[in-house]
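> quick one, structure for this:
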Amino acid sequence: MLSAFVSAFRTPDLRRKILFTLGLVALYRLGATMPSPGVDYGNVQACLEQATQGESAGIYSLINLFSGGALLQLSVFAIGIMPYITASIIVQLLTVVIPRFEELRKEGQAGQAKMTQYTRYLSIALAVLQATGIVALAARGQLLQGCAEPILADDSVFGLVMIVLVMTAGAALVMWFGELVTERGVGNGMSLLIFAGIASRIPVEGRNILEGRGGVTFTLVCIAALLIIIGVVFVEQGQRRIPVQYAKRMVGRKMYGGSSTYLPLKVNQAGVIPVIFASSLLYLPNLIAQLSGAATNPNPSWWQRWINEYLVNPANPVYILIYFGMIVFFTYFYVAITFNTEERADEMKKFGGFIPGIRPGRPTADYLSYVLSRITLPGAIYLGTIAVLPNLFLEVGNTGGVANLPFGGTAVLIMVSVGLDTVKQIESQLMQRNYEGFLK
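Numbering: from 1, shown residues only. A predicted model of the protein is given here:
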């Protein structure tokens, strides 16, 4: 792997792409540390330590994870990449519901450009909504609970609107950074920005664990993180290869086909999307309860009591079971939507391909559905187990809540997946530029 990186830096074109990517990532991390106008940066830093140690920190774990810790600091890039991710998922799911989106998806490059434009518009709308909610919580003193100091220096209407506009502009700028990295850099831009945000928190949180829990606990956490990484790499690389045979056919004077290949079906076909779905849905009841004042209401209603009892503490067994069940459900749901077995069977039939022992057409689609449902079960259990691991250890030792556990769960899953994908892209570009052929 190290030799591949050395060869990449020796290639001028690839070196420029890597340096361009690193430059945009550095700009992203710089914006994540710059406070928004109207925010009292000193009070935010003073309140941040005590606020992230409580149970309420789990409410913001998902968005704070993707923003690299910028959310609770109310920085320019506090919203981060989360609106674009949510908008991409929504547009992708709407292709099954809205016929117009389905037609655009089949139109190729022009249709994809139109879908990307819709995703951008929806991202801006979600960024405005999310920024408004966060600023409203900050103005009411509910964003960093337990903090007596005001974190907004200017809580007038103009000041609040200015903060919302700056955060929305920051989300649009982050979206542009991600698209630039994808087009002119190396790897998937959005994923790399998330990777950079998570990686930036590891040294700080590691030091907190070392100082707060001691060297023994820190060593055990490092060993557990290493084992989780090994397990994630093993499962992410795992796939079921279905053999596909292509019949010979004449096109003009040339004969095509007659080759044997395979259709790879990954064990984790859905990626990290089901975890995002489940975390987002568990985040909404907490946000509603926060805005309705359920935490401070002396006589809460039945639904407020239920949320406070089961959906606020991530270490609660009911919370863990609901979280795990939602991840399993969304794994099957997302795989069924994104992997259309009938389309795969029609494509194979169109080009003369068939699975040995299976008739082309409908029997092939049924066989692919059967195999996919069988391998999705271990993938769903794997995703659920990885995601709830930090929650299981919260009762054993408080290391700062789910938001402060970049060593396990969703963070490790994202980092390993993005790292593997980026290394594969670098190696593929090296093979394109350094192919020697037979005449060496």
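> what about stretch 78-88, average pLDDT?
The average pLDDT for stretch 78-88 rounds to 85.
> CA atoms only for it, dumped as PDB, please.
Taking C-alpha atoms only, stretch 78-88 is exported to PDB below (Å, rounded to 0.1, in the frame of the first residue of the first chain):
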ATOM      1  CA  ALA A  78     -21.800  23.500  11.700                       C
ATOM      2  CA  ILE A  79     -24.400  21.800   9.500                       C
ATOM      3  CA  GLY A  80     -21.700  20.000   7.500                       C
ATOM      4  CA  ILE A  81     -22.500  17.500   4.800                       C
ATOM      5  CA  MET A  82     -25.600  16.100   6.500                       C
ATOM      6  CA  PRO A  83     -28.200  18.000   4.400                       C
ATOM      7  CA  TYR A  84     -26.700  16.800   1.100                       C
ATOM      8  CA  ILE A  85     -26.600  13.200   2.400                       C
ATOM      9  CA  THR A  86     -30.200  13.400   3.500                       C
ATOM     10  CA  ALA A  87     -31.200  15.000   0.200                       C
ATOM     11  CA  SER A  88     -29.400  12.300  -1.800                       C
END
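> so what touches that stretch?
Contact partners of stretch 78-88, identified using Cβ atoms under 8 Å, 6 or more residues apart in numbering, comprise 32, 36, 62-63, 66-68, 70-71, 119-120, 122-124, 126-127, 130-131, 134, 167-168, 170-171, 174-175, 178, 190, 193-194, 197, 276, 280. In this view, the C-beta of every residue, glycine as well, is placed from N, C-alpha and C.
> which helix or strand lies directly C-terminal to the one helix or strand in the chain whose mean pLDDT sits lowest?
In the chain, the helix or strand scored least confidently by mean pLDDT, DSSP states H and E is helix 61-66, which has a mean of 62. Downstream of helix 61-66, the first helix or strand assigned by DSSP states H and E is helix 82-97.
> buried sites along that next one?
Using 16 or more other Cβ atoms under 10 Å as the test for burial, helix 82-97 gives Met82, Pro83, Tyr84, Ile85, Thr86, Ala87, Ser88, Ile89, Val91, Gln92, Leu93, Thr95.
> pull the distance from it to the chain's centre.
Remark: helix 82-97 is offset 13 Å from the chain centroid, using Cα atoms, centre = their mean, to the nearest Å.
> so which of the contacts of stretch 78-88 are in strands?
Among these, no member is found in strands (DSSP state E).
> domain ranges for this structure, per the record?
The chain breaks down by automatic domain parsing into domains covering 1-185, 212-431.
> those domains: which one's closest to Val204?
domain 1-185 (8.0 Å; Cβ to Cβ).
> could the domains of the chain go into a markdown table alongside distance to Ile202?
Shown next, in a markdown table, are those (distance: least, Cβ to Cβ, whole Å):
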| stretch | distance to Ile202 |
| --- | --- |
| domain 1-185 | 11 |
| domain 212-431 | 5 |
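> and Ser88, how far from Tyr246?
Using Cβ to Cβ, to the nearest Å, we find Ser88 at a distance of 34 Å from Tyr246.
> where do the helices sit along the stretch 51-200 of the chain?
Per DSSP state H, counting those that start in this stretch, the stretch 51-200 of the chain carries helices over the ranges 61-66, 82-97, 99-106, 109-139, 157-184, 189-213.
> state the number of residues packed around Asp40.
For Asp40, the count of nearby residues is 17 (other Cβ atoms under 10 Å).
> same deal with Met348?
Neighbourhood size, Met348 [other Cβ under 10 Å]: 22.
> pLDDT averaged over the host helix or strand of it, what's the number?
Per DSSP H and E: Met348 is located in helix 341-350. The pLDDT scores in helix 341-350 average 85.
> now it: buried residues?
By neighbour count on 16+ other Cβ under 10 Å, the buried set for helix 341-350 is Thr341, Arg344, Ala345, Asp346, Met348, Lys349.
> Tyr262 in helix, strand or coil?
Under DSSP: H, G, I helix; E, B strand; the rest coil, the three-state class of Tyr262 is strand.
> so the residue nearest to it when sequence neighbours are not counted: helix, strand or coil?
In this structure, Tyr262 finds its nearest non-sequential neighbour in Arg241, 4.1 Å apart by Cβ to Cβ, 6 or more residues apart in numbering. Using three-state DSSP, the structure places Arg241 in strand.
> where does Arg241 land on pLDDT?
87.
> neighbours of it, how many?
Neighbourhood size, Arg241 [other Cβ under 10 Å]: 10.
> how far away is Glu183 from Gln73?
30 Å.
> higher neighbour count, the two?
Neighbour count, other Cβ under 10 Å: between Glu183 and Gln73, Gln73 has more, with 24 against 8.
> for that one, give me its contacts.
The contact partners of Gln73, by Cβ under 8 Å, 6+ apart, come to Ala32, Thr33, Pro35, Tyr41, Val44, Gln45, Leu48.
> low-confidence regions, the stretch 101-250 of the chain specifically.
In the prediction, the stretch 101-250 of the chain carries residues with pLDDT under 70 at positions 142, 144-148, 249-250.
> and if you look at the stretch 301-440 of the chain?
Residues of the stretch 301-440 of the chain that meet the criterion pLDDT under 70 lie in 312-313, 393-409, 433-440.
> which residues in it form strands?
Listed in chain order, the strands of the stretch 301-440 of the chain (DSSP state E, counting those that start in this stretch) span 353-354.
> what's the separation between Gly187 and Val157?
Distance of Gly187 to Val157, given as Cβ to Cβ: 42 Å.
> between those two, who's got more neighbours?
The neighbour comparison of Gly187 against Val157 (other Cβ under 10 Å) goes to Gly187, with 21 against 8.
> how far away is that one from Leu24?
Distance of Gly187 to Leu24, given as Cβ to Cβ: 11 Å.
> do the same with Ser156
Ser156 sits 35 Å away from Leu24, going by Cβ to Cβ.
> look at the two and report which has more neighbours.
Legend: neighbour count by other Cβ under 10 Å for Ser156 and Leu24, higher for Leu24 (22 against 10).
> surely that one is in contact with Phe177?
Yes: if you go by Cβ atoms under 8 Å, Leu24 and Phe177 touch, sitting 5.0 Å apart.
> give the residues shared as contacts by those two.
Applying Cβ under 8 Å, 6+ apart, one finds that Leu24 and Phe177 are jointly contacted by Gly189.
> sorry, back to before: outside of the helix holding Met348 itself, list whatever touches it.
With Cβ under 8 Å, 6+ apart as the test, helix 341-350 has contacts from 244, 263, 353-355, 360-362, 364-366, 368-369, 372.
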